[in-house]
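> Test case, fold it:
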Amino acid sequence: MTRTWIAAVCAAAALTGAAQSRDISLDETIAIARTGSVEAAVALNELKTAYWEYRTFRADLLPEVNFAATLPSYRKNYSPYQTENGAYTFVRNNVLEMSGNVSIDQSIWLTGGTLSLTTSLDYMRQLGGGGSDRFMSVPVALTLNQPIFGTNHTKWSRRIEPVRYDEAKAAFMSATEEVAMKAVNYFFSLLMAKENLGTARQNMANAEKLHTVAVAKRQMGQISENDLLQLELNLLTARSTLTDTESDYKSAMFQLRSFLGMDESVELVPLLPERIPQADVAYGDVLERALERNSFARNIRRRQLEADYEVAKAKGDMREVTLFAQVGFTGTAERFRGAYDPLKDNQVVEVGFKIPIVDWGKRRGKVKVAESNREVVASRLRQEEMNFRQDIFMLVERFNNQKQQLDIAAASDTIAQQRYHTNVETFMIGKISTLDLNDSQSRKDESRQAYVNQLFQYWYYYYQLRSLTLWDYAAGTGIDADIERIVKD
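Residues are numbered from 1 along each chain as shown. This next block holds a predicted model:
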């Protein structure tokens with residue numbers, strides 16, 4: 001069901017000023033929730049965030065073209081100057097400068113360094129005092145900036161970011177199934193409220209009918225005063241129950257409409273599902289699919305890599321050695337053309353290092369802290385994996401057992417309904433007491449509630465299985481989506 005349909009319903013309701021009543025099935029409720037609920041919108045926005053973060057990471061691996069310029073820089077001030085005899089004085093500056101450079105920068109995946117190809121042009125004009133123009137060009141310069149012993153952040157990003165993105169995609173698919181689980185919950189809450197309301201109305205009608213018959217029988221002396229009073233109490237109880245169930249039904253209606261993003265003028269009538277998805281599941285199969293497709297396995301892998309990265313970064317920070325090298329050509333002249341002819345070699349090689357001599361064990365302590373944190377993470381991940389396996393085992397057991405519970409509840413509901421109708425007819429001819437009649441009514445109501453509740457549990461467990469495994473057991477296929485199309489819509 002699309003947003004367009006929902007908007008049309010709401011517009012029609014506003015024009016007519018009357019509530020629009022329509023039937024809604026469980027499948028239709030889930031379909032609307034997947035696109036129209038707030039939870040679905042949140043899941044989509046989280047996916048989009050993860051998508052663009054991954055796109056940004058991929059862009060960082062590609063060459064980047066940059067242009068930088070200073071247009072212009074004007075200075076009119078004094079600066080210190082040392083004369084030939086060693087004395088200092090101040091000289092006046094009055095200069096106009098402009099500069100610009102274009103660079104192509106590329107990170108080196110293998111080593112973690114940066115390689116840049118640059119061209120630049122600087123212009124300076126001395127103002128006043130017969131000053132002249134000067135140009136300086138660097139037509140081409142190749143620059144390497146390479147950490148020697150530091151952490152290769154690019155290498156670690158290439159290992160971590162794809163896992164993070166896969167985790168986000170799997171989490172989005174699981175989130176859509178969790179939205180379906182919430183839709184199942186709200187739908188069956190309304191369905192249960194509807195069944196209770198129908199039962200309350202039926203019981204109210206029966207109580208009024210039986211009370212009328214009992215009054216006539218009491219006048220003829222066929223029943224006792226106690227039985228008549230009991231039926232009057234039954235009538236008052238039926239009225240009170242009807243009032244409560246009407247309020248519960250309205251509350252459940254409001255919750256479902258709010259969850260689906262529907263207008264309050266739309267009155268939904270939930271339809272009891274006539275079928276259930278048939279699925280035979282085994283623990284080993286469910287666990288294998290969950291570890292293969294669920295975001296949990298990717299989350300475990302990402303956190304392991306991040307812990308390893310923190311250790312590598314702490315070790316890399318123990319000493320810093322950086323190589324800076326630049327080769328190219330340069331030229332300078334009073335005219336623009338002369339700055340490019342003739343050209344001279346321009347070479348710079350610089351190696352800088354920083355090695356702690358006495359740091360009182362600070363850097364080594366950071367390494368130990370990172371290693372200890374990695375062990376803590378490993379222990380937590382082992383426990384989480386054990387809990388994950390346990391939860392899957394319990395879910396499989398509950399789901400396989402739920403089919404039998406549903407069949408039993410359906411049979412009990414049918415028998416209880418038949419027994420109650422039989423007892424009503426029997427009471428009318430005076431062959432059973434009000435206690436037997438009340439007992440059959442209670443059993444009827446309880447059996448109906450139990451059946452709807454068992455039906456809800458079956459559907460809820462089924463979508464919980466789908467959320468964990470990202471597998472459609474009814475169709476026998478995986479739950480996948482075109483992520484590129486979803487994030488760009």
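
> Mind pulling the model confidence for F388?
With respect to pLDDT, F388 has a value of 95.

> Sorry, wrong one. I was asking about A40.
In this model, A40 is scored at 92, pLDDT.

> Might you report the residue contacts of it?
Residues near A40 by C-beta atoms under 8 Å, 6 or more residues apart in numbering: A33, R34, A175, T176, V179. Placement of C-beta: from N, CA and C, glycine included.

> list the contacts for the second one?
R34 makes contact with A40, T176, V179, A180, according to C-beta under 8 Å, 6+ apart.

> ok, back up a step: which pair in the contacts of A40 spans the largest distance?
Using C-beta to C-beta, the contacts of A40 span at most 11.6 Å, a distance reached by A33 and A175.

> D244 sits in which helix or strand?
Using DSSP states H and E, D244 falls within helix 225-260.

> Sorry, wrong one. I was asking about V102.
Per DSSP H and E, V102 falls inside strand 88-107.

> Direction included, what does that strand pair up with?
When pairs are called by DSSP bridges, strand 88-107 turns out to pair with strand 64-82 (antiparallel), strand 114-126 (antiparallel).

> can you tell me which of these comes nearest to K488?
Proximity to K488 (C-beta to C-beta) singles out strand 64-82 among those, at 23.5 Å.

> Outside of the closest one itself, list whatever touches it.
88-106, 127.

> got the residue ranges for the helices in this structure?
3-16, 26-36, 38-60, 153-219, 225-260, 283-293, 295-316, 362-428, 434-469, 483-488 (DSSP state H).

> Kindly state the pLDDT recorded for S132?
80.

> ditto for K362
K362 is given a pLDDT of 81.

> likewise Y74?
On pLDDT, Y74 comes in at 88.

> From A282, how far off is it?
In this structure, Y74 and A282 are 79 Å apart, going by C-beta to C-beta, to the nearest Å.

> What of L191?
Taking C-beta to C-beta, one finds L191 at 31 Å from A282.

> Settle it for me: which of those two has more neighbours?
Neighbours were counted for L191 and for A282 using other C-beta atoms under 10 Å; L191 has more, 22 against 10.

> what sits against the more buried one?
P270, L272, V452, F456.

> buried subset of these?
For the contacts of L191, a burial check counting by 16 or more other C-beta atoms under 10 Å picks out P270, V452, F456.

> And the residue lying farthest from the centre of the chain, how far from H153?
Each residue of the chain has a distance to the centre, and by C-alpha atoms, centre = their mean the biggest one is for N85: 73.8 Å. Taking C-beta to C-beta as the measure, N85 and H153 are separated by 53 Å.

> pretty sure F336 contacts M136?
No - judged on C-beta atoms under 8 Å, F336 makes no contact with M136 at a distance of 10.7 Å.

> quick one: least confident helix or strand in this structure?
Lowest on mean pLDDT, DSSP states H and E among the helices and strands of the chain sits helix 3-16, with a mean of 40.

> quick revisit: quick check: buried residues in the strand holding V102?
For strand 88-107, the neighbour count (16+ other C-beta under 10 Å) marks V95, L96, S99, N101, S103, S107 as buried.

> what's the average pLDDT for that strand?
Per-residue pLDDT over strand 88-107 has a mean of 90.

> sorry, back to before: among the buried residues of strand 88-107, find me the one that's closest to G131.
Checking the buried residues of strand 88-107 against G131 by C-beta to C-beta gives V95 as the nearest, at 7.8 Å.

> which residues does that closest one contact?
By C-beta under 8 Å, 6+ apart, the contact list for V95 reads Y74, R75, K76, M124, R125, Q126, L127, G131.

> and the fifth one, how far is that from K362?
Computed as C-beta to C-beta, the R125 to K362 distance reads 51 Å.

> Compare those two and say which is more crowded by neighbours.
Comparing R125 with K362 by other C-beta under 10 Å, the one with more neighbours is R125, at 15 against 10.

> Quickly note the distance from the nearest residue to the more buried one once chain neighbours are set aside to M394.
Nearest non-adjacent residue to R125, counting by C-beta to C-beta, 6 or more residues apart in numbering: L96, 4.6 Å away. Look at L96 and M394: by C-beta to C-beta, they are 78 Å apart.

> quick revisit: can I get the contacts of R34 in CSV including distance to V311?
As requested, the contacts of R34 are exported to CSV (distance: C-beta to C-beta, whole Å):
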residue, distance to V311
A40, 39
T176, 36
V179, 38
A180, 41
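
> Give me the PyMOL select line for the contacts of V95, limited to the buried ones.
The PyMOL selection below is limited to those of those classed as buried (16+ other C-beta under 10 Å):
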select buried, resi 124
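
> Out of the contacts of V95, the closest to A409 would be?
Distances from A409 to the contacts of V95, taken by C-beta to C-beta, are shortest for Y74, at 87.4 Å.

> Low-confidence stretches in the stretch 251-400 of the chain?
Applying pLDDT under 70 to the stretch 251-400 of the chain picks out residues 353-355.

> Now do the domain split for the chain, please.
Following automatic domain parsing, one gets these domains for the chain: 3-57+158-302+376-488, 64-108+113-151+320-355.

> To V369, which of these lies closest?
Here domain 3-57+158-302+376-488 is closest among the domains of the chain (C-beta to C-beta), at 10.4 Å.

> Of A33 and A175, which one has the most company?
Taking neighbours as other C-beta under 10 Å, A33 and A175 compare with A33 leading, 26 against 19.

> confidence score at the nearest residue to the more buried one once chain neighbours are set aside?
Nearest non-adjacent residue to A33, counting by C-beta to C-beta, 6+ apart: A183, 3.8 Å away. On pLDDT, A183 comes in at 95.

> and N203, how far is that from T245?
N203 is 10 Å from T245, by C-beta to C-beta.

> D280 too?
On the measure of C-beta to C-beta, D280 and T245 end up 38 Å apart.

> same thing with G365?
G365 is 66 Å from T245, where distance means C-beta to C-beta.

> again with V396
36 Å.

> Over to Y461?
Noted for Y461: a distance of 27 Å to T245, by C-beta to C-beta.

> Tell me, how many residues neighbour A410?
A410, neighbours per other C-beta under 10 Å, totals 15.

> Count the residues that sit near the nearest residue to it once chain neighbours are set aside.
Leaving aside its sequence neighbours, A410 sits nearest to Y451 (C-beta to C-beta, 6+ apart; 5.7 Å). The tally of other residues near Y451 (other C-beta under 10 Å) stands at 22.

> cool, and V138?
Close neighbours of V138, defined as other C-beta under 10 Å, add up to 19.

> before we move on, back to that, the residue nearest to R125 pairs with what?
Bridge pairing for L96 - DSSP bridges - gives Y74, R125.

> ok, it - contacts?
Here L96 is in contact with P72, S73, Y74, M124, R125, L127 (criterion: C-beta under 8 Å, 6+ apart).
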